[in-house]
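J.: Coordinates for the following, if possible.
(chains A and B)
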There are 2 protein chains.
Amino acid sequence: MGKVKVIEINENIGAANETAAGRIREQMTSSETFFINVMSGPGSGKTTVLSALINLMKDRYRIGEMDVDIESSIDAQQVADLTGVESLQIHNGGLCHIDADMTARALQQYDTADLDLLILENIGNLVCPAEFDTGAHKNIAILSIPEGDDKPLKYPLMFEVSDVVLINKIDTIGFFDFSIDAARDRILALNPDALIFPVSAKTGEGLDKVTAYLESEIKKLKKL
Amino acid sequence: MGKVKVIEINENIGAANETAAGRIREQMTSSETFFINVMSGPGSGKTTVLSALINLMKDRYRIGEMDVDIESSIDAQQVADLTGVESLQIHNGGLCHIDADMTARALQQYDTADLDLLILENIGNLVCPAEFDTGAHKNIAILSIPEGDDKPLKYPLMFEVSDVVLINKIDTIGFFDFSIDAARDRILALNPDALIFPVSAKTGEGLDKVTAYLESEIKKLKKL
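T.: Below is the predicted model:
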């Protein structure tokens, strides 16, 4: 079994989230660690997508992952098992999100100075996580085919705040009533600058475009 | 297009949720209206399942539906369109749940006295809605095959508080790595009394068992 560390973190309600987020982002920029916050509903395939992306990139980049969950350590364990990368499981005490102060406290227990890419796998939820800047450089949302192409209409804030949207499980599109064009139009109406990548973590389709994006952002941060 | 009414409701933080929930339950019991609160993650098929159940029962029972969403009216409109039943859309101001006080305020605008069955379709979220008693007689959770059989491990409170769990989209089980037995064991470990019904809203499979359950509860309430 891969190595997993678990820490318990609860919300500090008084914290000024934006200040804390800005501080994290500065720290990550100065250590040249590209930091992404990955959000989605439950079961959209966050853990599987991220494990696949890590495996495609881990020979060339130093990658770390932090997983947020209410009380289980399933996701961090799965990432560690599938990729061999050391992962940190954050237990957030039953909340439906993680904020910048909680992220900062997790980072105190995780040495990220040498990392090229740090991934925060947020809790499975399309509502609350969108409300909190975690200090990440970019927000990435995952929407999966079985969830339906109406989700941007129903959870608009998530798609407004996401720089990148992965449409996952495209290998199953024949079995569900999902229009990628409709999803794309709805996402772009909320955020005209969103980058949208249809992918399948299962078959690997489309993941090369996501790794190309991540690599270009890593290089940009390192001014290469 | 079917008829939909929209009201805006925000949280009253000071309300004693349990008292408000108890009051709603008494009111529903005294009017012999069986009141169910239906919860799930986004895209598990709540609206489609409920529309199918309503269509199977509407000739024999008077049914009402209330849909909670952040700001859209898609679900209530869909239920109204698919079933012809009048539905009430509740906008909850960006929250990830609905509590008993919010439910009570919605009920002031929706005459339920003549209903046999009142359905509250909660917001798509496996975390927050589980924390609030809405005053319903029974909680029903929906978990769909594409979401994965690990969800009871990751969102335990949802399955602890649910009297009934529908495992939806069983027509797609061949395309996903989902064990109904594993899901059942995990749900029963959290709530040994849970009733579990595998269903497909698309093909109709298993829905007869759910309508039989709802009918028996309606009759119990009416002491038939």
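
J.: Excluding sequence neighbours, find me the nearest residue to A:M158.
T.: Spatial nearest neighbour of A:M158, chain neighbours left out: A:A130 (4.2 Å); criterion: Cβ to Cβ, 6 or more residues apart in numbering or on different chains. Using the backbone N, CA and C atoms, a C-beta is placed for each residue, glycine as well.

J.: residue contacts, the most centrally placed residue in chain A?
T.: Compute the mean C-alpha point of chain A, and by Cα atoms, centre = their mean the closest residue is A:V38, 1.4 Å away. With contact set as Cβ atoms under 8 Å, 6 or more residues apart in numbering or on different chains, A:V38 has these partners: A:46, A:49-50, A:119-122, A:140-142.

J.: mind showing which ranges of chain A have poor pLDDT?
T.: Segments of chain A classed as low confidence (criterion: pLDDT under 70) are A:1-15.

J.: how about the residues of it near chain B?
T.: Counting by Cβ under 8 Å from any Cβ of the partner chain, the positions of chain A adjacent to chain B are A:41-43, A:69-72, A:74-75, A:94-96, A:123-128, A:131, A:144, A:146-148, A:150-151, A:153-157, A:169, A:172, A:175-176.

J.: which of the contacts of A:V38 count as buried?
T.: Neighbour-count burial within the contacts of A:V38 applies to A:46, A:49-50, A:119-122, A:140-142; the criterion is 16 or more other Cβ atoms under 10 Å in any protein chain shown.

J.: if we can go back for a sec, list the contacts of the residue nearest to A:M158.
T.: For A:A130, the set of contacting residues under the criterion of Cβ under 8 Å, 6+ apart consists of A:39, A:155, A:157-158, A:160-162.

J.: Could you check how many residues crowd around A:T19?
T.: Residues within reach of A:T19, counting by other Cβ atoms under 10 Å in any protein chain shown, total 11.

J.: show me the contacts for the residue nearest to it when sequence neighbours are not counted.
T.: Leaving aside its sequence neighbours, A:T19 sits nearest to A:A100 (Cβ to Cβ, 6+ apart; 8.0 Å). A:A100 makes contact with A:15, A:17-21, A:23-24, A:132-135, according to Cβ under 8 Å, 6+ apart.

J.: Output stretch A:152-167 in CSV with nothing but the alpha carbons.
T.: The C-alpha trace of stretch A:152-167 is given here as CSV (Å, rounded to 0.1, in the frame of the first residue of the first chain):
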residue,chain,number,x,y,z
PRO,A,152,-23.3,24.6,-15.2
LEU,A,153,-26.9,26.0,-15.1
LYS,A,154,-27.5,24.5,-11.7
TYR,A,155,-24.2,25.2,-10.0
PRO,A,156,-23.0,28.4,-11.8
LEU,A,157,-20.5,29.6,-9.2
MET,A,158,-18.4,26.5,-9.6
PHE,A,159,-18.0,27.1,-13.3
GLU,A,160,-17.6,30.9,-12.9
VAL,A,161,-14.5,30.4,-10.7
SER,A,162,-12.9,27.5,-12.6
ASP,A,163,-10.1,28.3,-15.0
VAL,A,164,-10.2,24.8,-16.5
VAL,A,165,-13.1,22.3,-16.8
LEU,A,166,-12.5,18.7,-17.6
ILE,A,167,-15.5,16.8,-19.0
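
J.: Can you list the buried residues in it?
T.: Of the residues in stretch A:152-167, those buried under the neighbour-count criterion (16+ other Cβ under 10 Å) are A:152-167.

J.: how many other residues sit next to A:S44?
T.: The number of residues packed around A:S44, counting by other Cβ under 10 Å, is 31.

J.: pretty sure it contacts A:G148?
T.: No: between A:S44 and A:G148 no contact is recorded; they are 11.3 Å apart, counting by Cβ atoms under 8 Å.

J.: Next, give phi and psi for A:L207.
T.: The main-chain torsion angles of A:L207 are listed as degrees, to the nearest 10 and equal phi -70, psi -30.

J.: returning to that earlier point: can I get the buried part of the residues of chain A next to chain B as one PyMOL selection?
T.: This is the PyMOL syntax for the buried subset of the residues of chain A next to chain B, where burial follows 16+ other Cβ under 10 Å:
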select buried, chain A and resi 41+42+43+69+70+71+72+74+75+95+96+123+124+125+126+127+128+144+146+147+148+150+151+153+154+155+156+157+169+172+175+176
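
J.: give the contact list for A:D114.
T.: A:R62.

J.: Please, which helix or strand holds it?
T.: Following DSSP states H and E, one finds A:D114 outside all helices and strands.

J.: Could I get the full set of strands for chain A?
T.: Along chain A, the segments classed as strands by DSSP state E run A:4-8, A:34-40, A:63-69, A:87-91, A:117-124, A:138-144, A:164-168, A:195-198.
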